[in-house]
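# coords please:
(2 chains)
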Amino acid sequence: MLFWGCLIVVISVATTAAAQVKVYLEKGVVTLPSIKVTGAEFVPLTSLADALGKPLERRSARGSYRIRLGESVLLINVGSPEVRIGTAVAQLSVSPRWFGGRVIVPLELLPIALSARYGENRVDWDPDGRIARISRTAYSLRLLRFRTYPDHTRVVLEGTRPHDFILREDGVSGRVVLDIKRAILSPAIRSSQVSDGLVASIDTEQRGADSRLTIHGAGRRLWSKVFAIGGPDRIVVDLFPHEEQERHVQPVETLTMTTPGQPDQPKPATRRTESASSAEPATESVVRTVVIDPGHGGKDPGAIGPSGVKEKDIVLDISLRLKRLIEENLAVKVVLTRTEDVFIPLERRTMIANRHRADFFISVHVNAAPESRAVGFETYFLSREPSDRGARASAVRENTALNLEGVGQDAQRGLQTVLWDLAQTFYIRESSELAELLLNELAQSLKVDNRGVKSAPFFVLIGTAMPSVLVEVAFISNPQEEQQLEQEVYRQQVAEALLAGITRFKTRYEKRVRPLPAHSAINHPPFAVSHHEVARHARSGLGPRADREEPIASPASAR
Amino acid sequence: MRRIQIATIWIALLAVTVGVIVLWGNETIAPNQTPVQHGASEAMRPTVASGRKSISLFFVTRGGTSFHEEAREIEGGTTTTEDAKQTLDELVKGPIREGLVLTIPRGAKLLNLFIDSSGTAYVDFNRALRDGLQGGAQGELYTVFSIVNTLVSNFVRITRVQLLVEGAEIPTLAGHVDTRVALTPQYVF
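From the prediction side, this is the model:
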């Protein structure tokens, strides 16, 4: 008895049976038993061959196996994490191995092998549900994304190849409908809530062999512009509030079919109108709008002090006080991301700042640390690139406005990257100065620890097309600071210190970015970017206007 | 007397059986312990030798002013992935030295870890990593970067870390740090 008990214990320590994995083929289901060995999950190689619907061939007694997948061959060697698929090599995190007299392979090989067998576009692998589905037809639209800019919202649909599409605007309902011909939506594309003040939501629908994207306006009539670009193939829809339309001269078309791959068409005559209208008189104040973001709110209380004081309440009160102070003293418009106890997603806060073309953005927070001794205030700015290299390249392509007469496409692309980098450098430099000025004023006013200017990859600072900082005014986890934050006088003192910092920054900033006299701008060579231009781009977030991308076809528009 | 004899025989039998199982087990996993696979990517290549290894863990000093490293030993596995998992398990256990504070919320548990060929470690925790956080930016920064710094500073094959909760990417743990992308280490805040 004792012996068998020990035997069972010894075996069960080494392996555990994990949940089954199911592969839904066009006809039938293959269930793969899964085994966990030393933390990694495996499936038997014979079951993998069943899921692939192909026989398993043993090439040598030392554990070399082959499965012919039609066009390519899958080669597996026991003990080697390298799996060869045709001419490609896939690296696994653990090697296929022997187990109880049979070969088992890591579960991560399943989606790789299925993609090689049935085509990547047909495999939908759900690692959580442990289900793989092989769809009958390959999808050709793989990703839907959107972004809010100061004057419009951009919806981008990424495909695996170019598509034909038609855009229709429904003036009455405020909807914009994009029909894409012979296009299958990836299961990853789902209807999305946008709620950025212009677009309410985006619905997706598979209609036989075609796909439909319905963009619902948030109670306003929309007008739109659509075009296709390559690398990767994308359909870009820009949505503007209807009242903006007159600012953009558009060809009158209600329906446009775009044939992908066409050479660039001449640009619509919007650029000059736009440029002319956005030129600012030199005498105007540069800083016009400031967005203050009281952190957290609603279901997200933020940090909670030892006696129950909530960060969301404290920062809202300080922000409301700051708004009043700025409006009274600086004649600058102040927009709060929330004025009451509501939950606002982080992306939305950034969108609000961009939408209002804020000159700078301040997110107000109260700190907390695992240890109650932590005390003091600090300011943060974002120091890293907002995204990885791929996303950055995409951002450059989508967001940079630069049209230089007589400059070739490649050179333009290079210059766009330079301008983008210039703007990023500009934001970082200005943000760090704003962070420092706010910190200095807090240090003068509050007699607590000055923890300094720091940088961190904070979500709310990423994507703001302007100098932006996050202020931590105190540690609510410290009982003494929590008590102070509860006092109205202290909160007012914090707001006044922040006002002083903003005032100093505004003065310095305006001196730096004030528009150059007209004659000096004219004398610049066509590709010289003046300091003012960078500042102007910074304020508009390099925000795309009607002419930011190179349309492959003439933009669709209505009315 | 007879009982003692029977018991002795049982114990001997058990010892032999366990020995056989261990040997059999070793034999079956032997292919996994073969020397480095030529051509394997850096991230997936087995570490040179198994056995105990020295690692250092990032905890925060009392008062929350800075990171402080604590040396520890792990059993060590045959791959970087196994070593990295053991290292994070040690981080979750917390500091031994006085004056240091645990950065990972109580109840947080590493579910899985995977390193891709570009050097990104995907670190999957249970939801306690998010739900157990106190809510402040400082605490969140130390939680996120104690994981990132520990992995990147101990394993040359790991260059950045993507946090996952219950197998999915999350925008942020407590509303401050952006965890949508893989993070590189940051040692000072």
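
# from here on, contacts and neighbour counts on C-alpha atoms
OK.

# please compute how far the lengthiest helix in chain A lies from its chain's middle.
Selection of the longest helix in chain A by residue count, based on DSSP state H, yields helix A:409-445. The gap between the average C-alpha position of helix A:409-445 and the chain average comes to 20 Å, counting by Cα atoms, centre = their mean, to the nearest Å.

# does that helix reach chain B?
No: if you take Cα under 8 Å from any Cα of the partner chain as the test, helix A:409-445 misses chain B, and the best it gets is 13.9 Å.

# now swap in stretch A:26-36 and tell me
No: if you take Cα under 8 Å from any Cα as the test, stretch A:26-36 misses chain B, and the best it gets is 12.0 Å.

# what of stretch A:93-106?
Yes: part of stretch A:93-106 sits close enough to chain B to count as contact by Cα under 8 Å from any Cα, namely A:S93, A:V94, A:S95, A:P96, A:R97, A:W98, A:F99, A:G100.

# how's chain B carved up into domains?
Domain segmentation of chain B under automatic domain parsing yields B:2-33, B:53-169.

# how about these in JSON lines, adding mean neighbour count and distance to A:P294?
Shown next, in JSON lines, are these (neighbours: other Cα atoms under 10 Å in any protein chain shown; distance: least, Cα to Cα, whole Å):
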{"stretch": "domain B:2-33", "mean neighbour count": "13", "distance to A:P294": "54"}
{"stretch": "domain B:53-169", "mean neighbour count": "20", "distance to A:P294": "14"}
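
# alongside chain B, which residues does the stretch 451-559 of chain A contribute?
Residues of the stretch 451-559 of chain A lying close to chain B (Cα under 8 Å from any Cα) are A:K454, A:S455, A:A456, A:P457, A:F458, A:F459, A:V460.

# if you set the cut-off to 10 Å instead, what comes out?
By Cα under 10 Å from any Cα of the partner chain, the residues of the stretch 451-559 of chain A that approach chain B are A:451-462, A:470, A:472, A:475-477.

# filter the residues you listed to the buried ones?
Buried members of these, scored by 16 or more other Cα atoms under 10 Å in any protein chain shown, are A:451-462, A:470, A:472, A:475-477.

# related to what we said a few turns ago, identify whichever of the domains of chain B lies nearest to A:L419.
Taking Cα to Cα as the criterion, A:L419 comes closest to domain B:53-169 out of these, the separation being 27.8 Å.

# could you check whether that closest one is close to chain A?
Yes: using Cα under 10 Å from any Cα, a contact is recorded between domain B:53-169 and chain A, made by B:60-65, B:77-82, B:85, B:101-105, B:111-117, B:133-143, B:166-168.

# quick check: A:S372 touching A:I304?
No: under the criterion of Cα atoms under 10 Å, A:S372 is not in contact with A:I304, lying 11.9 Å apart.

# need the residues touching each of the two.
When Cα atoms under 10 Å, 6 or more residues apart in numbering or on different chains defines a contact, the residues bordering A:S372 and A:I304 alike are A:F475, A:I476, A:S477.

# redo those residues as CSV? Include secondary structure, pLDDT and distance to B:I158.
CSV is the format used below for the shared contacts of A:S372 and A:I304 (DSSP: H, G, I helix; E, B strand; the rest coil; pLDDT from 0 to 100; distance: Cα to Cα, whole Å):
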residue, secondary structure, pLDDT, distance to B:I158
A:F475, strand, 92, 34
A:I476, coil, 93, 36
A:S477, coil, 90, 34
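
# what would these look like in TSV with distance to A:I112?
Listed next are the shared contacts of A:S372 and A:I304 as TSV, based on distance: Cα to Cα, whole Å:
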residue	distance to A:I112
A:F475	49
A:I476	49
A:S477	48
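
# which of those lies closest to A:T31?
Using Cα to Cα, A:S477 is the member of these that sits closest to A:T31, with 51.5 Å.

# over to the closest one: give its phi and psi.
For A:S477, the backbone dihedrals (degrees, to the nearest 10) come out as phi -80, psi -10.

# about what we covered before: what about A:S372 and A:I304, which has more around it?
Ranked by neighbour count (other Cα atoms under 10 Å in any protein chain shown), A:S372 and A:I304 place A:I304 first, with 21 against 18.

# so what's the backbone phi/psi at the more buried one?
Note on A:I304: backbone dihedrals following degrees, to the nearest 10 are phi -120, psi 130.
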